[in-house]
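Visitor: Have a look at this prediction, sequence included:
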Amino acid sequence: MTEKDKGFSFRKLFIREADPVAGEKQEQKPVESSTRGQDLFIPSSVGITTPVVAEQSLVEDFVQRLQNLINQNNQPGFDFLEFTESLFEEKQNPGPEVYKTVYRIAQRFDKSLTSGRLLESSMYYKDLVQRTADSEISKGEGKKQGLQVEKDTERNNLDKNLRETKAKIQQLTQQIQELQSQELALGNQLMAIDQKYNSQFIDIDRKINAIRNAREQVIVSIVDIEAGIKSNLD
């Protein structure tokens with residue numbers, strides 16, 4: 001078994017099988033990595049069908065990444081990782097006798113092997129998983145906070161623009177109402193314009209007619225006198 005393949009034989013230890021969805025078949029594809037650390041938030045190629053299948057596929061994908069991380073950080077010698085591989089090579093669901101048998105066989109090759117050392121190495125892998133997962137969860141929370149800040153900023157800008165637009169609409173509505181009132185007033189004034197000037201036109205016309213009549217009368221009187229002068233003084 002190569003270093004890259006280590007750990008795949010004890011998949012049952014890490015994968016918690018969910019009840020399959022009717023009509024759906026899930027297939028777990030191993031995720032290979034050339035680095036000792038993994039960014040668990042790198043998008044994967046897990047197919048998404050239904051919400052239940054999608055959730056389980058995502059969990060299995062991250063479990064596989066953590067399992068790969070354990071394999072890449074395998075400690076020298078026979079430790080918890082090799083012990084676990086041996087367990088699942090013997091039986092899919094190992095019982096107490098399998099544990100004891102694998103332990104006795106392992107001690108033949110490594111006289112210094114103890115259950116305490118196995119548990120100590122298990123703590124190493126558990127701490128590795130814990131630290132890696134916590135780090136990636138922290139990154140995820142950081143991304144969430146960044147998105148929340150971006151969302152809040154965009155929301156605040158849109159809310160500000162909306163309030164400013166509403167204020168402009170209110171202002172323009174008020175201006176329109178004022179212009180409509182002004183239009184009505186001007187229309188009323190236009191309709192009253194004849195009445196306003198008719199009396200003045202009548203008064204002026206009366207005076208013009210009076211002047212004409214007065215002129216005719218004065219001129220007639222002057223002409224009569226002129227005629228009397230011509231007829232009586234020649």
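Guide: Now that the structure is in, tell me what you want to look at.
Visitor: From here on, just use CA atoms for contacts and neighbour counts.
Guide: Will do.
Visitor: so where's the longest helix in the protein?
Guide: Longest helix in the chain, counting residues (DSSP state H): helix 115-191.
Visitor: And stretch 118-132, how far out from the chain middle?
Guide: Averaging C-alpha positions (C-alpha atoms, centre = their mean, to the nearest Å) puts stretch 118-132 38 Å from its chain's average.
Visitor: Just the buried positions in that stretch, please.
Guide: 118, 121-122, 124-125, 128-129, 132 (16 or more other C-alpha atoms under 10 Å).
Visitor: ok so, going back, are there helices or strands packed against the next helix or strand after the longest helix of the chain, and which ones?
Guide: Next in sequence after helix 115-191, counting helices and strands by DSSP states H and E, comes helix 193-233. Packed against helix 193-233 by the contact rule (3 or more C-alpha pairs under 8 Å, 6 or more residues apart in numbering; DSSP states H and E) you find no helix or strand.
Visitor: if you average pLDDT over helix 193-233, what comes out?
Guide: For helix 193-233, mean pLDDT rounds to 92.
Visitor: hang on, the earlier thing: what is the orientation angle of the longest helix of the chain with helix 193-233?
Guide: For helix 115-191 against helix 193-233, the angle by axes from the mean of the first three to the mean of the last three C-alpha atoms, to 10 degrees is 20 degrees.
Visitor: Show me what helix 115-191 is packed against.
Guide: Contact partners of helix 115-191 among helices and strands, from 3+ C-alpha pairs under 8 Å, 6+ apart: helix 51-72, helix 80-90.
Visitor: how much distance is there from the longest one to the middle of the chain?
Guide: When you say that, I think you mean helix 51-72. For helix 51-72, the distance to the chain centre is 27 Å (C-alpha atoms, centre = their mean).
Visitor: That helix: which residues count as buried?
Guide: 53, 56-58, 60-72.
Visitor: so which helix or strand takes in the closest residue to Leu113 other than its chain neighbours?
Guide: Nearest residue to Leu113, sequence neighbours excluded (C-alpha to C-alpha, 6 or more residues apart in numbering): Gln107, at 5.7 Å. With secondary structure defined by DSSP H and E, Gln107 is part of helix 96-109.
Visitor: Flag every buried residue along that helix.
Guide: Buried residues in helix 96-109, counting neighbours by 16+ other C-alpha under 10 Å, are found at 98-99, 102-103, 106.
Visitor: closest to Gln180 among the residues you listed?
Guide: Using C-alpha to C-alpha, Tyr99 comes nearest to Gln180 of the buried residues of helix 96-109, at 93.7 Å.
Visitor: now that closest one: how far from Ser115?
Guide: Separation of Tyr99 from Ser115 (C-alpha to C-alpha, to the nearest Å) stands at 11 Å.
Visitor: Show me the residue at the heart of the protein, geometrically.
Guide: Lys151 (5.7 Å; C-alpha atoms, centre = their mean).
Visitor: Can you give me the domain boundaries for this structure?
Guide: For the chain, automatic domain parsing gives the domain ranges 8-157, 197-234.
Visitor: pLDDT averaged over the longest one, what's the number?
Guide: Domain 8-157 shows a mean pLDDT of 77 in the predicted model.
Visitor: List phi and psi for Thr114.
Guide: Phi and psi for Thr114, reported as degrees, to the nearest 10, are phi -130, psi 160.
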